[in-house]
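Participant: heads up, no residue letters with this:
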């Protein structure tokens, strides 16, 4: 993409209304624009990151055997009356009347609807386990939306739902998602710790939050640092098998959010040198809640003995749009964003230092083509901005690599390469620069 | 994908409420499920087609120089008060009050919001032309939603918006979209005819509808059959140049919907043997409307002489979810859907005729791996259904190729291959079958 054709409305000033660094940087980098309180338009740079995150989530869900569907944003109120949540949900639910005065709502989550879809066709244990997920916009009418996409009202969530014939099988489904979640956050370059959580309004007796560590995180977390260092299990697993051991390895280590924290237990269970007190951001939440929805909504399945029983369910959420902000909280510096390679909006920013100079233009074009041929996605700054502004913008938008091409380098047959994360610089011929980028 | 792990709730009976063939087939093939009047959940098979169509639209928009953004589904009523459309729009607009009693609406289209985004950062002709598009769910509260996804209330639309400094440039933007539209429908295997149209509530003085031909189409259309046979211009074009000639070649030929039809002109302009009277379905609509929104909303741009003027705008819509139904209307038979290769949910259906038979299972696995290795996406029916039901389901869901693998063929070292569109069958060894599929 050539910057002159892109749409990158960077802001010179720091917006006063933005209280946290990810919100400030997303506004400054022209990633989003607020259209109403807690409602954002995703501009091209932001949308590219959102799509990268969405793609990683989708791949890991598919790998773990989940099947993608897409439920609508609007739902019938009657569906929520079946589960009893319509009246319980409170002011966060956006309630709507259509032209025929029918009660609709903008879905804040989809337990009811997916249960309705399930019960309409699945009758037998032979069709289980099933795990249906979707990636769709949700709405929660927060009293005070703030922190940009970290606590927006219209937000993109991956929510998945597992259906099993009994608790043992449901716990295997839960373990599969637990492991898939570790993998997907790791692929985004994040350090994540699963922490036992309250189930809140979703219900159930087993639940974990996935917390990423970021100095500017919203809440205090406490854990055994072994848990964070252990890393993700990786994708080369028997996904049909029981992954409970991988889960137990982690859940046996102390990890708690501020609300669940027990300092005495922390000190008793974790050696002093392993006690990690850090700031964290919740980026996922998984629940096993048994028949909380399937029983009142009559999602019944026949077991091997022919008797019908309510399906055992779990639900699994990833805050897709929230992750864009969370990753920035975890990865930025004074100059701007530092994207992990896997979610960067472009792989390389190529800076043309003298647009209009035939030799420099040609060298930029050559670099652009060579990068593209390697399967990389470059952003070429071909604008007439002054050099200082170009460098500042490139640092601000945080592409993993910068390649600077100017008349002097062209004369000498070299480009200047910079790694955004470390600030390392190399001056070298294009082929070697490409090799450096490809690692 | 193995069918036993997929979620494909096919219906044996034809749903009584479905009046048109695409609606019937989408329900029967387990592609969608109605969640409220005109509001559908997309089940896995339907979602795959929707995503294929979306991807083609996205590729052709990007190729033509448009830049993707993503605007939210909910909008502030105040934005529509600026253009004067809030009161004009009528009962089709879903109006919403949030918890603070602020007026919101579920966007039926995005002229106002994109104009707001544009005016917030673009000031100079140097930044033009710009074409911003998004692919997002819309809501129109139809009085009588029907015909499944063909006239739903919550629907997926690609809507794009061009911004130019003057009319000449705006007309070039219009031509680019006109040509991109011809290409994108052609890639979906559709016969399309652009027809001059009324501008309706969007406004403006130049507009074309893109109509695909289908025997079961919703409206009568009249055109010179040369127009349909001419085909799409293809993608190898100078997209920065003026594509007006390609447009003129087509717009010079007679083409009219029933509302715009003039029988006398039709007979005068078109030779008898070229007069095509057919049924059609609208799947796209493009508009040039100048400063209808930019003037009241003050989206001003400085020209080369320094004076400010309202940007010249056009808008360009493709009914993405509607296309799923429209393609079925254009391509089906008694037995079910016949997907064009480019939008099919899977490329090949592999039918295991005797699951549990080790040799047949192994042959299916070999075929599955070989297909995948060729970059094809197979659906393997590994269920215990009887053969007749498997064949019927495969015909119903309309994958381009079927590969039948049973004990007799395995013993002889062959598979049976069927082309869904023509019914042609071949019995041949796997490598030759793969070659046949790859064409």
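Facilitator: Looks like it came in fine. Here the structure is a predicted model, which means the values were calculated and not measured.
Participant: just the strands in the stretch 201-350 of chain A please.
Facilitator: A:206-213, A:219-224, A:255-257, A:275-290, A:300-302, A:308-310, A:312-319, A:332-333, A:336-337, A:348-352 (DSSP state E, counting those that start in this stretch).
Participant: oh, that last question was meant for the stretch 51-200 of chain A, not what I typed.
Facilitator: With strands called from DSSP E, counting those that start in this stretch, the stretch 51-200 of chain A shows them at A:67-68, A:74-76, A:94-97, A:103-106, A:130-139, A:154-164, A:192-196.
Participant: got the contact list for the first one?
Facilitator: So the one you mean is strand A:67-68. A:58, A:61-62, A:130-135, B:5-7, B:44, B:47 (Cβ atoms under 8 Å, 6 or more residues apart in numbering or on different chains). Just so you know, the C-beta spots here come from the backbone N, C-alpha and C atoms, and that holds for glycine as well.
Participant: adding pLDDT, distance to residue A:196 and neighbour count, write those out as a markdown table.
Facilitator: Listed next are the contacts of strand A:67-68 as a markdown table, based on pLDDT from 0 to 100; distance: Cβ to Cβ, whole Å; neighbours: other Cβ atoms under 10 Å in any protein chain shown:
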| residue | pLDDT | distance to residue A:196 | neighbour count |
| --- | --- | --- | --- |
| A:58 | 98 | 27 | 17 |
| A:61 | 98 | 23 | 24 |
| A:62 | 98 | 27 | 14 |
| A:130 | 97 | 26 | 21 |
| A:131 | 98 | 22 | 23 |
| A:132 | 98 | 25 | 22 |
| A:133 | 98 | 23 | 27 |
| A:134 | 98 | 26 | 23 |
| A:135 | 98 | 26 | 20 |
| B:5 | 95 | 30 | 16 |
| B:6 | 97 | 33 | 18 |
| B:7 | 98 | 31 | 20 |
| B:44 | 98 | 32 | 19 |
| B:47 | 98 | 34 | 21 |
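Participant: residue B:427: which of those is nearest?
Facilitator: Nearest to residue B:427 among the contacts of strand A:67-68 is residue B:6, at 27.2 Å by Cβ to Cβ.
Participant: where in the stretch 151-300 of chain A is pLDDT low?
Facilitator: Scanning the stretch 151-300 of chain A with the threshold set as pLDDT under 70 gives A:199-205.
Participant: in it, what residue lies closest to chain B?
Facilitator: Going by Cβ to the nearest Cβ, chain B is nearest to residue A:154 of the stretch 151-300 of chain A, at 4.8 Å.
Participant: that residue: neighbour count?
Facilitator: By other Cβ atoms under 10 Å in any protein chain shown, the residues close to residue A:154 number 24.
Participant: list the contacts of it.
Facilitator: A:38-40, A:137-139, B:72-74.
Participant: where along the stretch 51-200 of chain A do the helices fall?
Facilitator: A:77-83, A:85-88, A:111-119, A:167-187 (DSSP state H, counting those that start in this stretch).
Participant: touching chain B at all, the third one?
Facilitator: Going back to what we said before, that points to helix A:111-119. Yes: residues of helix A:111-119 contacting chain B under Cβ under 8 Å from any Cβ of the partner chain: A:113, A:116-117.
Participant: for chain B, what's its nearest residue on the stretch 51-200 of chain A.
Facilitator: Residue of the stretch 51-200 of chain A nearest chain B, by Cβ to the nearest Cβ: residue A:121 (3.4 Å).
Participant: excluding its backbone neighbours, what's nearest that residue?
Facilitator: Nearest non-adjacent residue to residue A:121, counting by Cβ to Cβ, 6 or more residues apart in numbering or on different chains: residue B:9, 3.4 Å away.
Participant: count the neighbours of the one you found for me.
Facilitator: The number of residues packed near residue B:9 is 19, by other Cβ under 10 Å.
Participant: just say helix, strand or coil for it.
Facilitator: Following DSSP: H, G, I helix; E, B strand; the rest coil, residue B:9 is assigned to coil.
Participant: just checking, it touches residue A:118?
Facilitator: No: applying Cβ atoms under 8 Å, one finds residue B:9 not in contact with residue A:118, separated by 9.5 Å.
Participant: within range of chain B, give me the residues from the stretch 151-300 of chain A.
Facilitator: A:153-154.
Participant: would you list the contacts of strand A:67-68 in TSV and tack on distance to residue B:336?
Facilitator: As requested, these are arranged in TSV below (distance: Cβ to Cβ, whole Å):
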residue	distance to residue B:336
A:58	28
A:61	29
A:62	26
A:130	24
A:131	27
A:132	24
A:133	27
A:134	25
A:135	29
B:5	22
B:6	17
B:7	18
B:44	17
B:47	18
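Participant: which two among the residues you listed are spaced furthest apart?
Facilitator: Across the contacts of strand A:67-68, no pair lies farther apart than A:135 and B:5, at 19.3 Å, counting by Cβ to Cβ.
Participant: thinking again about what came up before, output the strands of the stretch 51-200 of chain A as a markdown table; include the columns distance to residue B:242.
Facilitator: Shown next, in a markdown table, are those (distance: least, Cβ to Cβ, whole Å):
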| stretch | distance to residue B:242 |
| --- | --- |
| strand A:67-68 | 42 |
| strand A:74-76 | 43 |
| strand A:94-97 | 46 |
| strand A:103-106 | 44 |
| strand A:130-139 | 38 |
| strand A:154-164 | 39 |
| strand A:192-196 | 52 |
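Participant: how many other residues sit next to residue A:357?
Facilitator: Per other Cβ under 10 Å, the neighbour tally for residue A:357 reads 15.
Participant: surely residue A:181 touches residue A:193?
Facilitator: No: assessed by Cβ under 8 Å, residue A:181 is found out of contact with residue A:193, at 11.3 Å.
Participant: which neighbours do those two share?
Facilitator: Common neighbours of residue A:181 and residue A:193, counting by Cβ under 8 Å, 6+ apart, are residue A:210.
Participant: check which helices and strands the helix or strand hosting residue A:435 sits against.
Facilitator: Element membership for residue A:435 (DSSP states H and E) is helix A:430-438. The contact analysis (3 or more Cβ pairs under 8 Å, 6 or more residues apart in numbering or on different chains; DSSP states H and E) places helix A:430-438 against helix A:358-373, strand A:415-419, strand A:425-428.
Participant: now with 6 Å, please.
Facilitator: strand A:415-419 (3 or more Cβ pairs under 6 Å, 6 or more residues apart in numbering or on different chains; DSSP states H and E).
Participant: so who does residue A:82 touch?
Facilitator: Counting by Cβ atoms under 6 Å, 6 or more residues apart in numbering or on different chains, residue A:82 makes contact with residue A:297.
Participant: ok, now residue A:256?
Facilitator: For residue A:256, the contact set (Cβ under 6 Å, 6+ apart) comprises A:195, A:222.
Participant: from residue A:268, how far out is it?
Facilitator: 13 Å (Cβ to Cβ, to the nearest Å).
Participant: just the element for whichever residue of the stretch 251-400 of chain A sits closest to chain B, please.
Facilitator: For the stretch 251-400 of chain A and chain B, the shortest gap (Cβ to the nearest Cβ) falls at residue A:384, measuring 8.3 Å. Residue A:384 belongs to no helix or strand when assigned by DSSP H and E.
Participant: what's the closest of the strands of the stretch 51-200 of chain A to residue B:272?
Facilitator: Closest of these to residue B:272 is strand A:74-76, at 50.4 Å (criterion: Cβ to Cβ).
Participant: which residues are contacting that closest one?
Facilitator: Contacts for strand A:74-76 (Cβ under 6 Å, 6+ apart): A:104-105, A:107, A:113, B:36, B:39, B:154.
Participant: parallel or antiparallel, list what pairs with it.
Facilitator: Counting by DSSP bridges, the strands paired with strand A:74-76 are strand A:103-106 (antiparallel).
Participant: could you break chain A into its assigned domains?
Facilitator: Using automatic domain parsing, the domain ranges for chain A come out as A:3-337, A:346-438.
Participant: distance to residue B:241 added to these, as CSV?
Facilitator: CSV is the format used below for those (distance: least, Cβ to Cβ, whole Å):
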stretch, distance to residue B:241
domain A:3-337, 15
domain A:346-438, 19
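Participant: out of these, deepest packed?
Facilitator: Mean neighbour count (mean count of other Cβ atoms under 10 Å in any protein chain shown) peaks for domain A:3-337 among the domains of chain A, with a mean of 19.
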